[in-house]
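Q: Here's a sequence, model it:
(one chain, ligands or ions: 1)
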Amino acid sequence: MKFETLTPADISVIYQIEQQANPYPWPRSAFDSSFSDLYLNIKLVNGDQIIGFIICKIVGDQAELFNICVNPAYQGKGYGKQLLQYLQTVLQQRIVAELWLEVRSSNKVANALYQQQGFNCVDVRRNYYKNAQGSEDALIMCLYLS
Ligand SMILES: CC(C)(COP(=O)(O)OP(=O)(O)OC[C@H]1O[C@@H](n2cnc3c(N)ncnc32)[C@H](O)[C@@H]1OP(=O)(O)O)[C@@H](O)C(=O)NCCC(=O)NCCS
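A: Below is the predicted model of the structure:
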């Protein structure tokens, strides 16, 4: 297993992983617009296979985690944690002070991962996301890196 830079050539594969892993998947257009000099996008690979990926944008000394996703066949084996810890290391090397993210309140696995990694819930956007029941809250989380 190793970490590599995610590139636009990977979009077709990560779009498929996203469709399989995320009950609320990004449209392909969101991936298409997530590659520029501001982005730090990472993949965890085993040979040619993408196990999981991260899409993160850095503006000044602040970063935002837009997407973290692990292929369902490899979930629950510590790869999401490894991706997040690797991202933290790279951000610290780049002297980024804060890592922000937004997560559905119902996403128990992601919430457990973020809390375990030291993220603080700093705000709640009530009824921000649509879901089958109508709507649910978005939790705004921040990890202080310095
Ligand atoms: C969220 C996600 C990236 C986590 O990746 P993962 O590889 O499955 O997670 P890991 O195996 O690294 O587990 C990390 C932590 O998450 C939590 N976790 C993992 N599986 C869990 C489960 N089934 N139930 C509850 N908590 C769980 C635990 O806290 C775990 O730490 P521990 O093993 O030390 O207890 C992955 O589930 C995923 O791709 N989900 C779909 C996309 C998504 O929701 N992304 C987040 C959007 S904000």
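Q: Please put the alpha-carbon coordinates of the helix or strand that contains residue 15 into PDB.
A: Take DSSP states H and E as the rule and residue 15 turns out to sit in helix 11-21. Only the C-alpha atoms of helix 11-21 are listed here, as PDB (Å, rounded to 0.1, in the frame of the first residue of the first chain):
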ATOM      1  CA  ILE A  11     -11.800  10.400 -11.900                       C
ATOM      2  CA  SER A  12     -13.600   7.500 -13.600                       C
ATOM      3  CA  VAL A  13     -12.400   5.000 -11.000                       C
ATOM      4  CA  ILE A  14     -13.000   7.200  -7.900                       C
ATOM      5  CA  TYR A  15     -16.400   8.200  -9.300                       C
ATOM      6  CA  GLN A  16     -17.300   4.500  -9.300                       C
ATOM      7  CA  ILE A  17     -15.900   4.000  -5.800                       C
ATOM      8  CA  GLU A  18     -18.000   7.000  -4.600                       C
ATOM      9  CA  GLN A  19     -21.100   5.500  -6.200                       C
ATOM     10  CA  GLN A  20     -20.600   2.300  -4.300                       C
ATOM     11  CA  ALA A  21     -19.500   3.700  -1.000                       C
END
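Q: is whichever helix or strand comes after it anywhere near the ligand?
A: Moving toward the C-terminus from helix 11-21, the next helix or strand (DSSP H and E) is helix 28-32. No. On the criterion Cβ under 6 Å from any ligand atom, helix 28-32 is out of touch with the ligand, staying 12.7 Å away. The way it works is simple: take the backbone N, C-alpha and C, and place the C-beta from them, glycine included.
Q: With stretch 6-21 instead?
A: Yes. Judged by Cβ under 6 Å from any ligand atom, stretch 6-21 comes into contact with the ligand through residue 21.
Q: hang on, the earlier thing: tell me how far the helix holding residue 15 lies from the chain's centre.
A: 13 Å (Cα atoms, centre = their mean, to the nearest Å).
Q: quick one: the one residue in the chain that gets nearest to the ligand from residue 118, how far?
A: In the chain, the residue that lies nearest the ligand is residue 80 (2.2 Å; Cβ to the nearest ligand atom). Noted for residue 80: a distance of 15 Å to residue 118, by Cβ to Cβ, to the nearest Å.
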